[in-house]
Every structure is written in structure tokens, then in C-alpha cells.
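A predicted structure for the sequence below; I have some questions about it.
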Amino acid sequence: MAEEATHALAELLAKERRARLAAERLLDQKQRELFTANKKLAAHARVLSDEIIVKRAEAKSLVHEAEGLKGENTQVREDLKRANHQVVQAERRLWEALETIQDGFGVFNAKNQLVIANQAYIQMFDGIEALKPGTKYQDILRLFADEGLIDIGMDDPEDWVARMLKRWEQEAIEPEIIKLWNGSFIKLIDRRARDGDMVSLALNITETIRYEEQLKEERTRADAANRAKSAFLANMSHEIRTPMNGVVGMADLLCDTALSEEQRLYVETIKSSGENLLVIINDVLDYSKIEAQKLNLHPISFDLERSIHEVLLLLKPSAQEKSVDLMVDFDMFLPTQFIADPSRMRQILTNLVGNAVKFTPKGHVLVRVTGIAELAPEGFQDLRITVEDSGIGIPADMVDHIFGEFNQVEGERNRKFEGTGLGLAITKQLVDLMGGEIWVDSIEGEGSSFGIKLSLPVDEAQDCDTLHPITPFRTAMIVDDQQINRLILEKQLSMMGLTVSAWRNATEALATAPGQYDLILTDFKMPEMDGLNLAKALRARGETAPVLLLTSSPSEHSTHAKECGVTSILQKPLLRRELYRRIAELGEAMETPRAAEPSTPKPLGTQRLMRVLAAEDNRTNQLVFRKMVQHLSIDLTFAKNGREAVDLFQQTQPDFIFMDISMPEMDGKEASRAIRALEETAGTTRVPICALTAHAMAGDEDEILAAGIDHYLTKPLRKALICGMISSNAPNTTIPPDTVSAADTA
Ligand code: ADP
């Protein structure tokens, strides 16, 4: 029983032990589970705590941001307030300014209703009530027209309103001047803004209009006075010119008579003073014409090279007095026949060459004409004409000054030169009028070079025969101490196909082997041995080639030249055409068989004299004219007036007519028209007519040329030009006028 009890106790103990073990194991498991759960919980708690930290930081920054925004908002509100204040202030200032200005200012909206207008605007239109915001523009206009606030003249009010409304529809609205009932003038300036608003300005221009009217009146008065001045000048010029023509012409003739030294001095003084006076009158006249814009150009065909030579011929005496050489270098490849106003061209050249001669005590004056390589329009030639001298020059600071009117280089040195100081001013104006340019390069003490650039139409018709000279000569010798002359001649002769050798003096020329040259050209005036003695020496060594003597005074050497073996004398400066003509003639004479000679040229006896008719009413002028041409072999008839000229034209059939313009009974223009009409009816050839005019006043040239006159010369008459005119117009069926006449040899 004890055992049983022991057993039961052991059993109980074992059960208890197992139960305790099981409980221990469960405890252990639960403890582990708890631990794991605890760990998870801890991790979760950590995450939560981290999140809390982040959220807290976020919340903090949001609070911060919110505070910032609050500050900003206050700033913006303040800025806005300030801006508002500024806008109001600017508007107030603008408006005050608009109210202060005298001019009217109004703004209309896109529907053309008045938005605002300043007081000036409203007052301008008599302060009418309708001028208030909201009123339509067209109603305002209609009111203006109906109430007579605006002087619309003879216009229908509706038409006027319609026109003014149409005006507002334009893209660029032209200003409109309206006259108010009280005589004020308002200029309306309107502009459509981008948003459709119309800004309208109303300027009171009454004073300006009054001033303009006053100016207009004064201008009319001034024009009338100017016309009176021009008319007075025209009359005076004619009145002074006619007797001066007598004085200068007679003095010129008197110079050719036997005079004592003293008498010669007196006569020459009379002549040069008279000529100076005429130059001054011309300058003053021209200047006043240019000033009144009355100077018109009359372009016709003319020979530029010949014009240059004519100018030089006139200036030759003054150049010769000082031993200043006058030379021309006209580019060989240029045409010579151009279309321009020949008398104005001559005037430009005379001024420039005249100055060059005047301001050159010794040395030379060279007129050079070259083409410009620039592309001229079809039918035009760009020309550069330079007048170079070896004279006193112009100080650099005076170069621009001298082209102004009455401007001369000041100082003692200039006092000894006469002049009005108008020449270059006129020359510049003329060159401008021709569309050209003028300039000067100068070195004081060394010389000046005046240049002009012109683009002139070429007269192709006249120029087609330009200088393609043919000659049987092959070689030529030139003797001249002037290098420029040698160069020019060399160029000209090479153009004819000649091989040229040039020598500086007689010694060099005589050192060449004889018989080498087919043609010899020598200058007359050379140091050591002159041209005549050289000719003699060349003949003495058996030279048979023609010898041409170049001299500025052919008549002085004509008798002596033959004896020295000179074949022909050429006038210096040398006209290219003339040189070629003479050489061509010599060539023809050489080629013509001797047997044929008696028939060519025709014996003088079988040819008639050239008939020249001169219409001139003034007896003194007739006498001067007769004396000037007395050495020419011509048949000269005078007519006392235009009517007599027309009668004599029919009776004598002249080859050339000189026509004075102002004559009693019938003037020169009328007579010329009558002669042209007679020629037309009869179908005869046109006789060249040369007008003799006083220095032409505005419009004269037009009328002269319209009357069928071909040339004109201005008075006082110049022997060289009159004779040149006769010679160059002599028909080849008559005895050449410069043939020595029986009367002369007798
Ligand atoms: P004028 O010759 O009547 O005095 P211009 O207008 O023709 O008037 O010339 C103005 C001035 O320009 C002259 O007075 C002279 O001082 C200067 N001048 C003109 N041409 C020359 C020249 N070739 N050489 C030196 N000076 C000159």
C-alpha cells in the first residue's frame, strides 16, 4: 500500500514534473513570442517617432513659410498703394500740363465719342456745351458747321461734315487747317492710337498764317523791285555797252596806227580800262541774274576744242606781255563736238584761264582736257578740264574762300591784281548749273590747278569725222624748248601714224642726220636760235621736208618766214583740227602730180570773194567793224537796219550775215526770221547768221536762237573772233578770206 502510495506519489510527481516542464516550455515560447512582439513594437515605435520628427519639421517650415507670405503680401499691398499714388500723380501732372498748354487736346474713343478735352480745346470752339464727354465727333462737326463756328466758305455743311469724317478714316491723317468765325486759324492734327482711340490736337496758328501773308506781300514787293532792278541793269548795260564798244573798238584800231610812245601808253590805257569796265559790268550782271535764278542754259552743239582755242586767242595778248606760254592738251581719243551752252562754257574757261594768266608772272598756263574712266550714261562723255598754271598759288586756308562772292585772297600781294572777286563765284554757279563739280589744288608760290568735272552729251552726228587724219608722211621732227608742248605735239602727230622725234632746241635738231624726216615742226621762240633761223639752217644743209613754224604771232613773221624756207605758219596755241588740216593739205600737195598744179588750186581771178552782209545801225560800230575786217579778202556790205538787211539779203545773196540785235525799224531777230522765211519759200540753202548782241540778259539767248540765228558774239566786237567767224564760215567756192588781198599788198 505504501508502494502504491509511493507509486502514486511518484506518478503525481512525474505528472507534476511534466506539467511543470510543459509550463516551462510554454512560458519559454510565450516569452520568445513576447520578445519578438516587443521587438516589432519597438521598431514600429521608432518609425513612428521618426515620422513624427519629419512631420514636426515640415509643420515648422510651413509655419515659417506662412509667416513669410504674410510679410510679402503686406509688401505687395504697399507697392500697389505706392504705384496707385504715382499713377494718380502722373495723371494729374499730365492733365495739368495739358491744361497749361495753349493748344487744344482731346481724346475720342473707338466709337468716336469724346472722352476728354482740355479747356483750350473747348475754348477754341467758343466753349460750346456740346463739347462734353460722350458727344460723337460727327455731332460736334455738324454743330460747328450749323452754328457757323467754322468758316466753311461756300461748301455745303453736309459735304464738309462728310469730308471731315472721311478724313478720320484715313490711315495717315493729313493735318487740316480750319478758319473760325473770329478769324483765327486752327490746325487739326489727328492720330488714331493702337487701341482705337483718336488723339486730336488743335493748334492755333493764326500768328503764323498772318506772318506768312505778310511775308508773301513783302516777297511780291521784293520781286517787283528785283524785276525793276533787272530791267534797269539790262537797260544800263545796253546803254553803257554801245558807247563802250565804240571806245574799246576805236582804241584797238588806234593801237594799230603810228603812235608816239606816250600816245600808245594813253591809248592802251583807254583800251584796257574800257575792257576792264566791261568785264566788271558783265560780272555784276551775271551775278544778279544767277541770284534772281534767271540764268538759263541754252545747250546746242559746239566744238569744245575750238572754244578753248578761242578763249586762249583772246587771252594771248596778256599772256604774251609776260612771256607766259598758253598751251592746250586735248585728249586725242576724246570727241570734240558736245552739246552744252557754248557761251557759258566759254565764260567758265575765260574766268579760269584769265585768272591763271593774271596770277602767273612767268611760266605757263596749260588747259588739259581728259576723259574720265567712269561709266558715263549712253551718249554722254565724262570730261575733266583742268587749268594749270605756274603762278603765285593760293594759301591752303584760302582755297575754299575764293569760290565765295567778292572773295579774294587778302593781303598786299593781291592788291596789285585787278578784279571784282566775282569770277569764281559765277564760275562755280555755272558749273553747278551744268551739273558739274569744280575744285582747286594749289601750292602757294608754285602754282594752281583749277579742275572741273562735267558730263556732256556728245554730238555724234557732228563728231563722226573726228580726226582720223590720213597723211603720206611717215616721220616727223619736233623742235620746242617747252616739254609740255613737245609731249602734246608728239601725241597729236603719233595719232596720224607718224614716227616722231622731239628735240629741245636748234642745236639738238641740227645734230641729227639730214634727210631723215618727212615733216619738220618748229616753235618760233626758243633760246639760242629761233625757229626761223633753224629753218634757214635746215634748208642750208639740204633739208627738203616741209617746215611748219609754230608761233603766237603769225603776222609778224609772215614775210620773213618764206625767205627762211618755212613752208607754212601755224598759230599757237594749236587747234588740233587746224594742225591736221594743214598737214593733210601739205600731204595732198605732195601727192598731186606737178603737171596738175595749174588747175588746182584755181587761179584767184576765177573765184569770187566771199560776200558778207553786216546789219548795224550805229555808225561808229560800222566803222570799227569795217576796220577790223579790212585785211580780209571779202565783199562787205552794211545794212542800217533790219529791213535793209532783208532787202540786201535778197539783192546780194550773202554767204554770211552779221546781225546786230537792237536796230531801229526792224530788229535783228525779226529780220532773221524774215530771211529764214524767204529761204524756205525759195528752197535755198540756209545762210549762217551771227548775232551781235549786248551781253545777253535773261531770255535773250532763247529768243535769238529761236529766230533762226546760228551763232552769236557779244559786244564789244573782237577782231580775232569776227575774223575767225568769217574764215570758218567761208564756202569753199570763194577765195579764202585770209588770202592777202590786192589792197593789202598795194
Ligand atoms: P578776281 O579774279 O576778280 O579777283 P575771282 O573770283 O576770279 O575774282 O578769284 C578770286 C580770288 O581767287 C582772286 O582774287 C585770287 O586771289 C584767287 N585766285 C583765283 N585764281 C587764281 C590762280 N590761278 N592763282 C592764284 N590765285 C587765284
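Looks like it arrived, so ask away. Numbers count the residues shown, from 1 in each chain.

quick one: mean pLDDT over the longest helix that the chain contains.
Counting residues, the longest helix in the chain under DSSP state H turns out to be helix 2-100. Mean pLDDT, helix 2-100: 88.

after that helix comes which helix or strand?
strand 104-108 (DSSP states H and E).

buried residues in the very next helix or strand once past that following strand?
Per DSSP H and E, strand 104-108 leads on to strand 114-117 as the next helix or strand towards the C-terminus. Buried residues in strand 114-117, counted by 16 or more other Cβ atoms under 10 Å: 114, 117. Quick note: C-beta positions are derived from backbone N, CA and C, even for glycine.

sheet partners, orientation included, of strand 114-117?
strand 104-108 (antiparallel) (DSSP bridges).

would you put the C-alpha positions of the strand it pairs with in PDB?
Taking Å, rounded to 0.1, in the frame of the first residue of the first chain, the C-alpha atoms of strand 104-108 are listed here in PDB:
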ATOM      1  CA  GLY A 104      -6.200 122.200 -77.700                       C
ATOM      2  CA  PHE A 105      -6.000 118.500 -76.800                       C
ATOM      3  CA  GLY A 106      -8.900 116.000 -77.000                       C
ATOM      4  CA  VAL A 107      -9.300 112.200 -77.000                       C
ATOM      5  CA  PHE A 108     -12.100 110.300 -78.700                       C
END
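
now find how far off-centre the longest helix of the chain is within its chain.
97 Å (Cα atoms, centre = their mean, to the nearest Å).

what's that helix packed up against?
Helix 2-100 sits against no helix or strand, with contacts defined as 3 or more Cβ pairs under 8 Å, 6 or more residues apart in numbering; DSSP states H and E.

now it against strand 104-108, angle please.
Compare the direction of helix 2-100 with that of strand 104-108 by axes from the mean of the first three to the mean of the last three Cα atoms, to 10 degrees and you get 140 degrees.

correct me, but residue 586 touches residue 568?
Yes. Contact criterion Cβ atoms under 8 Å: residue 586 and residue 568 qualify, at 6.9 Å.

all helices for the stretch 351-500 of the chain, in order.
Counting by DSSP state H, counting those that start in this stretch, one finds helices in the stretch 351-500 of the chain at the ranges 412-415, 423-433, 460-463, 483-495.

how about the stretch 501-650 of the chain?
506-510, 531-540, 554-563, 576-591, 619-628, 642-652.

list the buried residues of the second one.
This means helix 531-540. Buried-residue list, helix 531-540, by 16+ other Cβ under 10 Å: 531-532, 534-538.

show me which of the residues you listed is closest to the ligand.
Distance to the ligand across the buried residues of helix 531-540 (Cβ to the nearest ligand atom) is lowest for residue 531, with 29.3 Å.

distance-wise, check the closest one relative to residue 453.
37 Å (Cβ to Cβ, to the nearest Å).

same check, this time on residue 530
For residue 530, the distance to residue 453 - Cβ to Cβ - is 39 Å.

got the residues of the chain near the ligand?
351, 355-356, 359, 389, 391-394, 402, 407-409, 414, 419-425, 448 (Cβ under 6 Å from any ligand atom).

mind giving me the PyMOL command for buried ones among these?
Only the buried members of the residues of the chain next to the ligand enter the following PyMOL selection, criterion being 16+ other Cβ under 10 Å:
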select buried, resi 351+355+356+359+389+391+392+393+394+402+408+409+419+420+422+423+424+425+448
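
give me the contacts around stretch 710-728.
Contacts of stretch 710-728 with the rest of the structure, by Cβ atoms under 8 Å, 6 or more residues apart in numbering, involve 241-242, 244-245, 248-249, 252, 274-275, 278, 310, 313-314, 343, 610, 612, 621, 624-625, 628-629, 632, 634, 656, 658, 688-696, 701, 704, 736-738.

in strands, which of those fall?
610, 612, 634, 656, 658, 689-693 (DSSP state E).

which of these sits closest to residue 485?
residue 690 (32.1 Å; Cβ to Cβ).

so how far is residue 650 from the residue nearest to that closest one when sequence neighbours are not counted?
Leaving aside its sequence neighbours, residue 690 sits nearest to residue 711 (Cβ to Cβ, 6 or more residues apart in numbering; 4.1 Å). Residue 711 sits 22 Å away from residue 650, going by Cβ to Cβ.

who has more neighbours, these two?
residue 711 (21 against 10; other Cβ atoms under 10 Å).

now that one: phi and psi?
phi -130, psi 160 (degrees, to the nearest 10).
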